[in-house]
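J.: Using only what follows, build the 3D model:
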Amino acid sequence: VYAYRADGKNALSLDYRSAELFKQRATLLYEDVGDSYIGAVFAARSMELWLLEDMGFAVVAKFSVNAGEGELADPSYAIGGSIQGKDGAILDGGHAGKGNVLVAEADESDGSFAKYHPQIAIITNSEADHLDHYGTQDNYRAAFVDHAGHATKAVIMCGDDEGNLAVLRALDATVAGRTIVYSTRNAAELGDLNGATLVRIESESETAESGAEHFTLHIPGGLIGEEERRIAVTLTVPGIHNARNASAAIIAAALLGMDVERASAAVTSFLGAARRFQVRGTVSQVTVVDDYAHHPTEIAALLDAARRRYPQSKIRVIFQPHLFSRTRFFSSEFAQALAKADDVIVTGIFPAREKQEDFPDVTPATIVDEALKLEHEPAKDWICGVEDMHTAAQMMVMRAHHGDVIFTVGAGDITQMDEVILHALEAHRWDCEG
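T.: Numbers count the residues shown, from 1 in each chain. Reported below is the predicted structural model:
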């Protein structure tokens, strides 16, 4: 864990003055903390944070997990984001519980998740990312094969991701034998599962406007009890990606000893992670939604969910790319994902740990130029680049009309534009209603 010091309002910089006193997050989480828990569950890749509340017990994880009675009550958790609570409250992303279960998000960005040796590892997807560290897709996936091999009890993987299927087929037979694959596809469609057990997500649907997600979890006999089970699940958060995440949460909870029916009922109370399809307000029937999506696959899933939630609305997006390297590696994929929206403005890149001078050729135009190559309506009609996000916000407000939905998307400070947009919508109320 690194120490940070404030260098002005809302600004932080790394303090290296006593670097020898600090440890990498992975070291603290597992080597120093993880051994204290009978049930350590780590999720790799971004997964919606799941907070399950049931009869006063809480279950948490940036991806999954449970809470129950006895040793499973009041688990500890360390996740990458905050949680949407009741009545608009935002709950912290960390908690030191009294129980014997630790749930944590495993950060693969720098390879440090290789230090973890959890009971249960959940891998939501292993689509290439962070190639500034790994170099190639093969190296990236090899890191997940290694991570899966460290799980002592079970590996839970989404079978709807082709990267995960490649990782699954590369697993040692012993590891594959304790792997559970959850998927919307059947065994014939998935092909070789390398001896893993399949849990099906069936009858998935979403109620338009409300966003309620419904599905049935088909659990084979012998996995959780001797009998085959079909469990009906309803979620408050929309999207098939949330059905997948909930499935992983329920499976992990059940493997740790929680009643599967109780775990399935508990996910209904989950309101979502902060900055994940978070509705920030509505003015003149123009709705503003904020989302942390910063990888092409995340953006595609977000916009698919948006279409289902708002089937009659025009979907407008202000996207702030995160990292120059990611923008360069995935510019074409970003363009394809953003093409699912009706109107897109790409802002200047949020640099995070990188510097613009190291990537002089990477700008908003990097993505816009790729959009020009798509077999889509003329790119000039739906996407443009605007370096300043304040200007982008004002431009989007002037375009908005009654019934539209504006999404601010990205892992950087684009979230600050939500209030700007809502204020500007109020000022231009009559224009929006025209």
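
J.: got the contact list for His295?
T.: Contacts were defined as Cβ atoms under 8 Å, 6 or more residues apart in numbering; by that measure His295 touches 46, 127, 129, 326, 330. The C-beta positions use only the backbone N, C-alpha and C, and glycine is treated the same way.

J.: of the residues you listed, the lowest pLDDT goes to which?
T.: Minimum pLDDT across those is recorded for Ser46, with 41.

J.: returning to what we had before: show the buried residues in the contacts of His295.
T.: 46, 127, 129, 326, 330 (16 or more other Cβ atoms under 10 Å).

J.: Can you lay out those as JSON lines showing distance to Ala249?
T.: Shown next, in JSON lines, are the buried ones among the contacts of His295 (distance: Cβ to Cβ, whole Å):
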{"residue": "Ser46", "distance to Ala249": "14"}
{"residue": "Glu127", "distance to Ala249": "20"}
{"residue": "Asp129", "distance to Ala249": "22"}
{"residue": "Arg326", "distance to Ala249": "27"}
{"residue": "Phe330", "distance to Ala249": "28"}
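
J.: possible to save those as TSV with secondary structure?
T.: Formatted as TSV, the buried ones among the contacts of His295 follow (DSSP: H, G, I helix; E, B strand; the rest coil):
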residue	secondary structure
Ser46	coil
Glu127	coil
Asp129	coil
Arg326	helix
Phe330	coil
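
J.: ok, so of those, who is nearest Gln312?
T.: Here the nearest of the buried ones among the contacts of His295 to Gln312, counting by Cβ to Cβ, is Ser46; it sits at 29.2 Å.

J.: Distance check, Glu213 against Lys340.
T.: Distance from Glu213 to Lys340, counting by Cβ to Cβ, to the nearest Å: 19 Å.

J.: And those two? Which one has more around it.
T.: Neighbour totals were compared for Glu213 and Lys340, and Glu213 leads with 26 against 17 (other Cβ atoms under 10 Å).

J.: I'd like to check which residues are in contact with that one.
T.: So Glu213 contacts 204-206, 234-240, 242-243, 246 (Cβ under 8 Å, 6+ apart).

J.: so which of these is the most crowded?
T.: Ala246 (31 neighbours).

J.: Helix or strand: which one has it?
T.: helix 240-255 (DSSP states H and E).

J.: Keeping just the C-alphas, turn that helix into PDB.
T.: C-alpha atoms of helix 240-255 as PDB (Å, rounded to 0.1, in the frame of the first residue of the first chain):
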ATOM      1  CA  ILE A 240     -26.500  -9.600 -19.100                       C
ATOM      2  CA  HIS A 241     -23.000  -8.700 -17.700                       C
ATOM      3  CA  ASN A 242     -24.700  -8.300 -14.300                       C
ATOM      4  CA  ALA A 243     -26.400 -11.600 -14.600                       C
ATOM      5  CA  ARG A 244     -23.000 -13.100 -15.200                       C
ATOM      6  CA  ASN A 245     -21.500 -11.300 -12.200                       C
ATOM      7  CA  ALA A 246     -24.300 -12.300  -9.900                       C
ATOM      8  CA  SER A 247     -23.900 -16.000 -11.000                       C
ATOM      9  CA  ALA A 248     -20.200 -15.900  -9.900                       C
ATOM     10  CA  ALA A 249     -21.200 -14.300  -6.600                       C
ATOM     11  CA  ILE A 250     -23.900 -16.900  -5.900                       C
ATOM     12  CA  ILE A 251     -21.500 -19.800  -6.800                       C
ATOM     13  CA  ALA A 252     -18.700 -18.500  -4.600                       C
ATOM     14  CA  ALA A 253     -21.100 -17.900  -1.700                       C
ATOM     15  CA  ALA A 254     -22.500 -21.400  -2.000                       C
ATOM     16  CA  LEU A 255     -19.000 -22.900  -2.100                       C
END
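
J.: and the next element down the chain from that helix?
T.: helix 260-266.
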